Structure formats: C-alpha cells, structure tokens
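Q: This is the structure alone, sequence omitted:
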C-alpha cells in the first residue's frame, strides 16, 4: 500500500516497463479489436487480394513506426507532446493537437461502439447499446487509472488467452479450408487492393502513433532492444491479420466480404465430433477483450496527451471525465451500423492521417533539419 | 483459564533468543519504582496491586540463624500449579552448596552478595530491581521472592499451566509427510521450527503486543533469503501492533495487510511446521503468536493458495495433475452457478441440443427463474455450511442430514429446484472444498454472488465484465509490496515452475531459490 501510494503520488514517472512488455502492449493494441473487425470489411473492398492490402498498409505503418523509434532515440524519455513542444513551440503543438485529440476521441468511442455493435448484431439483439458500452468504459477507465504497470500485467494474461482462442478456432477450421478460393489474387485489378490498403492504413496502422506517448516509459536499461521488439511485433501483427484474412477467404471465398464479423462466422462453421461446436462465443470474447484492451490504451494515451498539453502533472484526474465523454460521444456520434461502417471506411483514414501521421512526419523532418543545423554550428 | 498460557515469561523468551533484554517486559511503562529495602513496603505495594484476585499467594518465610530474617514469595497459584518445589529452599540451598556454610547461617548479606555477583544457582533466577517489573513477572506466571533488607527481588520461572501436546494437524491433514502441527505455546512452536532450520541465519524477532495481554509475537525469517525491502516494510507495519491487544495470528494479518476490503487473502496460514519452514526457505516471513497455533506466512501470493505441502511429498506427475485439478476446482467453484444461469437464460444455443432438452425438461414446472433458483440453492448451501461450522460437534451431523434432505431430494420433489441445479450447487460446494487453503475458498464464496448477478443481468457479457473487474483488482493488488499475481502477472517465466506444473524436485530444489525468488527484479 505504501509503495502504491508512492507511485500514485509522484505520478507516472516512476512507472517503467520492459521492452518485451511494451511489445506485448503494442501487439495487443494493434491486433486486439482489428483482428475481428478488419477481415470482413477489408475482404469486401479488396476481395482476394485483401492480404496484399494488409502488407501495403502494414509497410506504411512500419514507416511511421520507424519515424517514432528514431524520434524516441533522439529525444529519450520524452513523449510526443514534449518533443513537439521543443521542436515546434507550444502554440503550433496546440494547433496540431486539435486534430490529434479529436481523432483520439473518435478512436476511443469507436472501439467501444464496435463492441456494442457486435453484441447487438450477433448476440443480444434487443439490448440498447449503452448497456454494453458503459461497462466496457467503466472497466477501461479503472484500468487506465491503475497505471501502465497494472495494464501491462493484466494484458499479458489476456493476450495469451485470446491468442489461444484464436489459434484454436483457426486450427480447428483446417478441414473446411479450400485453398483454391484464394485465386485469382487480383480479380478486379489493383484498385480494390489499394482501396483495402487505404482502409487498413486508417484502422489499425496509422494508430501506431499512440505509442509515441508510451515509448518513453520503457525501462532505460533495456531500451536498446526496443526497436527490434517493436518492429518484430508489428511484423507479427501483420502476419496475424493476414493469416486470419486468408483463412476467412479460404472458407467463404468471395462471400467473406458480406459478413461483418467474418471470424465469428468462421467459428460458427467449426464442428468437431459433436463435442466442439458453436464455439463462436470464444471469438466474441476475444473481440470484447481485445477492444477493452485497446480502449484502455487509447484512454490512457488520451489522458496523458491532454494532461501534458495543458500541464497537469497527474493524468489520472482526467481519466474518468474523458471516459465519460467518450461514452457520451459514442452515444451521440453513432447513427446506425451502416453509417458507422461508411465513416470508418472513408473518413477514418484521412482523419487519422491528419491527426497522427502528418504531425509526426512534420516533426521528423524538423528534427532532421535541426540536427543538421546543430552539427553545422558545432563544426563552425 | 487453565489452558490459557498467555503468561510465558517474556524475559525468558527473550533470553532464549537473545534479541532483546528483560526491559521489554516493562515496555510502555516508563516510570521506575525501585524496590524498597523494607519488605513490608514491598508487600504492601504488591498486595495493593493484586487486591481482588484470590489466586495470588503471599508466602512468608523466616530463615537464617534462629530464623531471624524474613522473606516473602509471591505468585499466582493459577499459573504456578505444580507447587511441589520450594523455591525459597532452593535459593538457600544455592548458598549452601557454593558460598557459605549451613543454610541456617545464611544472612541477607550472603544472599545479596551471591545473586548480585551472578553466583551459580540451581534454578535459573533473575534479579529484579523494579517493582513494576516485579508485577509483570508475577503476571507472567513467575515466582517472586523478596527479602527483608535487600532492595532487589528474585524471579524464578515456575509456570506450569497444562498446555496441549504437539499433535496431528487437524486443518491441514496429509496422507504422506510429517504429522506434527503447532500448539498454543510459542516457545514450543519456535522450537519446532528451529529443529527444522539448523542455521544461525534463521532469525526470530520478538515484539510484545498490547497493554493488558502482553502477548508475545514472534516473527522469523531466513536472512539472505528474505527480500530486504519487504522485510523493512513488514517491520514498519508490524510495529503498529505494539499497543493493540493481539489474541490470534489473524489479528496480525488484518493489521498488516495491504487491502482491507479485498475479498482475497493476502497472507497464508499454516499450522504445519514443515509448511512454515518451506515458506521461509522461499523468503516468507513467519509470524507466530503466543497462545495460538496459527502461523502466518507473509506475503501470500495468489498462486501459493493452490499449493499444499503434500505437493512436494508426492511424485511430480501426480502433483502436477492434482494442481490442475485444483485449478479446475477453483474455476468451478467460482463460476459454475453463473455459467449455468448465463447459458440457460441468455445463450441456450450454446448448449448442445440433447443436453438443452434435458435441462428444459428438468426445469419444467420450476416456478423460479434460473437466477433465483440458483440464488436460493446457494443460499441454502451457505446456510448449511455456516451452521455446520458453528454447531457443537455432536449436533453437527444433524445439520448435514437435514441439509442433505433440504438441498437434495426434498427441494426437487417440492418443485423448488431442478435436479440440474442441485448438481450445480453440489459441484460448486465440492469444488470449493478441494482447494487446499481455506481462506481463499471464502473469497470464492463472496465472488460467486456478484458473478451470478452479472450473469443474470447481461449473460456472458456481464460475466466477462465481472471477470475483468476481478482480474484488474488482482493485478493491482500488492501484498507487502509484491504484486499479488506474481509470477503470472508480471509474467516471470523462470518462476512458473511451481504454478501450473510442479517441476521435478531435483530442479525445484537445486536451482538457487534465493536467487530466483528473492532477488527481485524491479517490479513491473
């Protein structure tokens, strides 16, 4: 208790995690909800070449990650807000942050709304959505308040559970797979593939940006291994998403795109000796768990971002109000599943790029020039 | 009264351990009250102090040439029951044997000279200079002799209250392994521990708790194995008990625990000395209290509540399988009623058709919804369990007979509960009994009900949210600074050898425990 109080009192500085734990957090964040939400819409747009779309957008995500890591190396121990202030000044940072924060909010409510949508569409049809989003926000807020260390501890356990569920479903599906459905790879040329890449860049790959706020928490003594871990995790994430997309295509072929939660539908097909059947609920659990973890991380980052921007020492004060705001946003913002899907596939990417990718790239370029300037000064 | 052995002389204990001096007896009483040279003054004071207790004995003696000198011995006859030895005579005989001539010639000066210069005496006597200390010694069951003309008193260890013999453990029985368990006598218990830990690194420190009971509280640990930071934290917390009346080890648990309102126990109990020693070898701190047999092992981590001492006396494969059985039992005890509620009310499609038909068939004609049915039966069960625990033993069996009828046959034939519900409740009960540590089974009893409610309200989703809350609490909880879920969260793979699988003893014992378990990496 005493140690806890110490941690709580001095705020976040004391909480550090190892590079593997940061990797776990990253994997959970990137894979958690997207593995259920992404394959369906993606196959709908890109068809059989969905996995190539993933590779393209994943590559772009990798570029962003590389920018982040090199910024983290240049400004060790500083979050995005802190080095943005240093490079651009407080005023410009605030201007850019308006978009960033708005997108973080959209993400936060979006992730939880996804859970509600899923529950309504596949399990409990009559229940109003807030009955699902409110508890999720509640747990997420409490977890975010508990701090990064607790989050990491908890998510490691949950990650193993969901990974096991997913592997279980995908492996049991083997008898039903038909590899010939994968061909032709480009049924309608390259354009749908690019469209798919566009969607998946917006969700989830532009979201790697959130870790600019988290990377400084990595234990200094181990941060040398951080870049390798993060890049490895991103590759693992791209592979996981691609594999589940390919598995979906191998089961449903061109119809996979018509199903919103294709993995859920896939699990429904699985039947093994009448002992294992109707196991779609474990996919549902994975979705809820994944979304919960992602929402927690987003909420944590959002609170941290705002608190650093306006100079509050302890982000914890903001967690509960922001969670409530996120919940209300979800209530107001959402007008039906169709509208939502449209928004995700069209606006999301542009918004995300403007809020996340653009400021990061601008800062990266500035830092390149500054560095040159500094070295010139040193030479003369 | 006779079994209450709270009165082991504190000073004796301390001498044996050598950590504190006799002064601790009078700790909390700062005023000094020197013993007078006038015997009558001292007697007057003592008679005033002990007025109203009929079991105090003042015995006056005359000795020396022509019996001209007087002395008086004071003791509680309830504590000094075996009044066979005459301590006055022993005192005089000491002089006879070693110093002066025949006992008839002993003078107060002789006695004074002999004891003040630490002459060798037949019975261990300590010299006391303070009246308050004198009172403490009498209260502790010692026999006091004061002499006319000497401003000091002699104190003999004479306590002879009958205590229980070391016997087989009742609460933690094993098929294989040592049978002995602790008793209500602190010295005996510490002796049992010392017998198993023959190293000077095994430290025992003593505290006296309370103003009235003056309970001796001892805590032991193995230096070099115990985590220094944790020990400091523990000492910090246990210092609070100095002015609290402590009657049982569980008082200490409640005073030093991190989270008072957590349903989970944060420290472990045992009454087996082998368990306590194994715990200390793993870096735990063992707390013992005079007058009770429970040993508190701090800190208790979540995974340790699934371990039983027999796990290490059996072969690896058996132990591992039994460990799994316990984990399954844990899950059943926690979730079975709520799973039944969630499946039968919200997700009937998840039950295989044949079973679903059986369930529906059984539930036909039951007036209550599944949730209330489960709640009612669980309530009956808890009621029966509580009644069974509290009742005197001869009546206890009546409860189980009546209870079996109520939650069994009668409930079904009366149409209150379905047979499946009875199975669910019974299985839950059996599962909760198969967890080796009683206090974590209680936390399951508590958590089962919120889970049932959330399952009734939101089905599987509600249960998941409830589980997330529990998991969050577990991840957040610390006990003496250690994460409660370690080594599961934070995940320390190298320490998982005694959690899901019990690795072969060769590996378990060979690898340096102290390095693994107690040089803590920065806690994550």
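A: On my side now, so go ahead. Since we're looking at a predicted model, the values are computed, not measured. Numbers count the residues shown, from 1 in each chain, chains lettered A, B, ... in the order given.

Q: For residue A:370, give me its contacts.
A: Listed by C-beta atoms under 8 Å, 6 or more residues apart in numbering or on different chains, the contact set of residue A:370 reads residue A:87. C-beta here means a position set from N, CA and C on the backbone, and glycine is covered the same way.

Q: Next: residue A:287.
A: Per C-beta under 8 Å, 6+ apart, neighbours of residue A:287: A:33, A:36-37, A:114-115, A:118, A:261, A:264.

Q: ok, 7 Å please
A: By C-beta atoms under 7 Å, 6 or more residues apart in numbering or on different chains, the contact list for residue A:287 reads A:33, A:36, A:115, A:118.

Q: show me where the stretch 201-350 of chain A has strands.
A: A:271-272, A:276-277 (DSSP state E, counting those that start in this stretch).

Q: What score does residue 283 have for pLDDT?
A: If you meant another chain, say so; for now it's chain A. Note for residue A:283: predicted pLDDT of 86.

Q: oops, chain B please
A: In this model, residue B:283 carries a pLDDT of 88.

Q: The closest residue in space to residue A:326 that isn't next to it in sequence and chain B: what is the separation?
A: Sequence neighbours aside, residue A:108 is the residue nearest to residue A:326 in space, at 4.3 Å (criterion: C-beta to C-beta, 6 or more residues apart in numbering or on different chains). To chain B, residue A:108 is 17 Å away according to C-beta to the nearest C-beta, to the nearest Å.

Q: ok so, going back, as JSON lines, the strands of the stretch 201-350 of chain A with mean neighbour count, mean pLDDT and distance to residue A:242 would be great.
A: Below are those laid out as JSON lines (neighbours: other C-beta atoms under 10 Å in any protein chain shown; pLDDT from 0 to 100; distance: least, C-beta to C-beta, whole Å):
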{"stretch": "strand A:271-272", "mean neighbour count": "12", "mean pLDDT": "76", "distance to residue A:242": "25"}
{"stretch": "strand A:276-277", "mean neighbour count": "14", "mean pLDDT": "70", "distance to residue A:242": "26"}
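
Q: The ones you listed: which one's closest to chain B?
A: Between chain B and these, the shortest separation by C-beta to the nearest C-beta is 7.1 Å, and it involves strand A:276-277.

Q: what does that closest one contact?
A: A:172, A:270-271.

Q: before we move on, the earlier item: next, count neighbours for the residue nearest to residue A:326.
A: Number of residues near residue A:108 (other C-beta atoms under 10 Å in any protein chain shown) recorded here: 27.

Q: Who are the packing partners of the helix or strand that it is a member of?
A: If you go by DSSP states H and E, residue A:108 is part of helix A:90-122. Under the contact definition 3 or more C-beta pairs under 7 Å, 6 or more residues apart in numbering or on different chains; DSSP states H and E, helix A:90-122 sits against helix A:80-88, helix A:130-146, helix A:280-310, helix A:316-333, helix A:337-352.

Q: Enumerate the positions of it that are buried.
A: A:93-94, A:96-97, A:99-101, A:103-120, A:122 (16 or more other C-beta atoms under 10 Å in any protein chain shown).

Q: Equivalent analysis for stretch B:237-248, please.
A: Those would be B:237-238, B:241, B:246, for stretch B:237-248 by 16+ other C-beta under 10 Å.

Q: what's next to that stretch, contact-wise?
A: So stretch B:237-248 is contacted by B:207, B:209-213, B:215, B:217, B:219, B:252, B:255-256, B:289, B:291-292, B:294 (C-beta under 7 Å, 6+ apart).

Q: closest to chain A among those?
A: Nearest to chain A, judged by C-beta to the nearest C-beta, of those is residue B:256 at 9.9 Å.

Q: Excluding chain neighbours, give the residue nearest to that closest one in space.
A: Among residues not flanking residue B:256 along the chain, residue B:237 sits closest, at 4.2 Å (C-beta to C-beta, 6+ apart).

Q: pLDDT score assigned to the one you found?
A: Looking at residue B:237, its pLDDT reads 90.

Q: Show me how far the helix or strand containing it is from its chain's centre.
A: Assigned by DSSP H and E, residue B:237 belongs to helix B:228-238. With C-alpha atoms, centre = their mean, to the nearest Å as the basis, helix B:228-238 stands 18 Å off its chain's centre.

Q: what's residue B:443 sitting at in phi/psi?
A: Note on residue B:443: its backbone torsions stand at phi -60, psi -30 [degrees, to the nearest 10].

Q: Unless I'm misreading it, it sits right up against residue B:263, doesn't it?
A: Yes - using C-beta atoms under 7 Å, residue B:443 is in contact with residue B:263, at 4.1 Å.

Q: Pull up the residues of chain A that are close to chain B.
A: Neighbours of chain B within chain A, by C-beta under 7 Å from any C-beta of the partner chain: A:1-4, A:17-18, A:21, A:119, A:124, A:132, A:135, A:139, A:142-143, A:146, A:149-150, A:152-154, A:156-157, A:278, A:281, A:285, A:288, A:292.

Q: hmm, which of those residues are the buried ones?
A: The buried subset of those - by 16+ other C-beta under 10 Å - is A:1, A:3-4, A:17-18, A:21, A:119, A:124, A:132, A:135, A:139, A:142-143, A:146, A:149-150, A:152-154, A:156-157, A:281, A:285, A:288, A:292.

Q: Where does pLDDT dip in chain B?
A: Within chain B, the stretches with pLDDT under 70 are B:1-31, B:82-85, B:95-105, B:119-122, B:510-524.

Q: For it, which residue gets nearest to chain A?
A: residue B:489 (3.7 Å).

Q: Looking at residue A:194 now. What's its pLDDT?
A: pLDDT, read off for residue A:194, is 87.

Q: With residue B:388 as the reference, measure out to residue B:395.
A: Remark: distance between residue B:395 and residue B:388 (C-beta to C-beta, to the nearest Å) = 10 Å.

Q: next one: residue A:74
A: 69 Å.

Q: All good on my end, thank you.
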